[in-house]
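output the structure for:
(one chain, ligands or ions: 2)
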Amino acid sequence: MQGHTYLASDRASGSDSNQQSFLGLTAVIRSAPMRQLMHTVEKIAKSNAAVLIIGETGSGKELVARALHHHSLRCSRPWIDVNCAALPDHLLESELFGHEKGAFSGADSMKQGFFELAHGGTLFLDEIGELDLKMQVKLLRVLDGTPYYRLGGTRKVTSDVRIVAATNVDLREAVDKGTFRRDLYHRLDQARLDVPPLRTRMEDVQALAEYFLAKEAPQLRFSAAAMEAFRAHSWPGNVRELRNTVVKAALVAEGDEIDLCDLPDELCAADAVPHLTGRTLDELEQQAILSALTETGGRQDRAARLLGISQRTLIRKLKIYNGQETSRGVAEAVAR
Ligand SMILES: Nc1ncnc2c1ncn2[C@@H]1O[C@H](COP(=O)(O)OP(=O)(O)O)[C@@H](O)[C@H]1O
Ligand SMILES: [Mg+2]
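Numbering: from 1, shown residues only. Ligands and ions are numbered 1, 2, ... in the order given. Presented below is the predicted three-dimensional model:
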């Protein structure tokens, strides 16, 4: 990898086999786990089963939901998405089920709810784990096919929707705690898709970084060190964090390259971690002792404290190392 640069514009044009488009959004899919996931998506898309999508925030749950709709027999019918966490309950209820004119103050005209609007298509319920228990009951009734009324209405409404729900909370744990209804959980979980966190799919990190850079600033490229830092980072905010990191780095980069100095501290810190692979535990221990002795100017009592061991243990280890050829560095540090 050393010395290799990654040209974002290499991938900016032409058809890229790693990219697929769903309802106007482009998905970059290169790693084996994501390819496998997309394969499952295509397989279950054709049924009407409710699908529960589970994954960390920013990992791409909404994108996967859109892919499901895209591959379904309902693809030419409406796609409606609702963020259950974004609205207070009374508003969410009228958004989902609609209201008649005059149902409450401010209801100047009749409004169809998302269930009606999604008729024949897919209703995506994002952040379903945030629904309170009362709304869970109402939702379950409608999902079970019970006709419902718009708020303030007297005429029964039915709608044919395929439900796709997403959450980043552990719903099984919520069920055990009593904050999520077991019956609703099973109703939503007729099929399940787990979106793996970005840190488990390094191939996607590079492909996504190149894709976002090509969109944002095609004249720029990543230095090898910058790309290495991308690969070493754990991406707790997943793809969303990666996209924002690329956008910000492109803004501050000088010249034609995004380098380490253009990246936020948390990515550079990863670079400062010494490479631990390919070394034995013994070698690492010697390295730690050497660093501690160097840092304390050879003072064994302080070095032992730094290492979290007793001075006796340190002395014992030094005696062992002094008998070994590989420990020249340690012996020299002790001699000073
Ligand atoms: N595989 C991917 N390819 C391209 N963009 C992606 C991919 N996964 C996620 N994104 C983008 O990252 C952001 C977060 O994804 P999103 O689906 O909203 O995550 P979640 O719903 O899990 O929080 C969105 O802007 C989305 O378009
Ligand atoms: Mg989301």
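
measure the one residue sitting closest to the centre of the chain to ligand 1 for me?
The residue lying closest to the centre of the chain (C-alpha atoms, centre = their mean) is residue 59, at 2.5 Å. Taking C-beta to the nearest ligand atom, to the nearest Å as the measure, residue 59 falls 4 Å from ligand 1. C-beta coordinates here come from the backbone N, C-alpha and C atoms, glycine included.

kindly report the same for residue 301.
51 Å.

which one is that residue nearest to, not counting chain neighbours?
residue 311 (5.3 Å; C-beta to C-beta, 6 or more residues apart in numbering).

any low-confidence regions in the chain?
Scanning the chain for pLDDT under 70 picks out 1-16, 269-279, 324-336.

identify the residues contacting the residue nearest to residue 301.
Neighbour list for residue 311: 300-301, 304 [criterion: C-beta atoms under 8 Å, 6 or more residues apart in numbering].

from those residues, list the buried ones, please.
Buried subset of the contacts of residue 311 (neighbour count, 16 or more other C-beta atoms under 10 Å): 300, 304.

and for residue 306, the neighbour number?
When counting by other C-beta atoms under 10 Å, one arrives at 17 neighbours for residue 306.

can you tell me the element the nearest residue to it once chain neighbours are set aside falls in?
Spatial nearest neighbour of residue 306, chain neighbours left out: residue 292 (4.6 Å); criterion: C-beta to C-beta, 6+ apart. Taking DSSP states H and E as the criterion, residue 292 maps to helix 281-295.

which element is encountered next along the chain beyond that helix?
Helix 281-295 is succeeded, C-terminally, by helix 300-307 (DSSP H and E).

that next one vs helix 281-295, what angle?
Helix 300-307 and helix 281-295 are oriented at 120 degrees to each other (axes from the mean of the first three to the mean of the last three C-alpha atoms, to 10 degrees).

can you pull the contacts of the residue of the chain at minimum distance from ligand 1?
Among the residues of the chain, residue 60 lies nearest to ligand 1; the distance is 2.9 Å by C-beta to the nearest ligand atom. Residue 60 makes contacts with 27, 195, 238-239, as judged by C-beta under 8 Å, 6+ apart.
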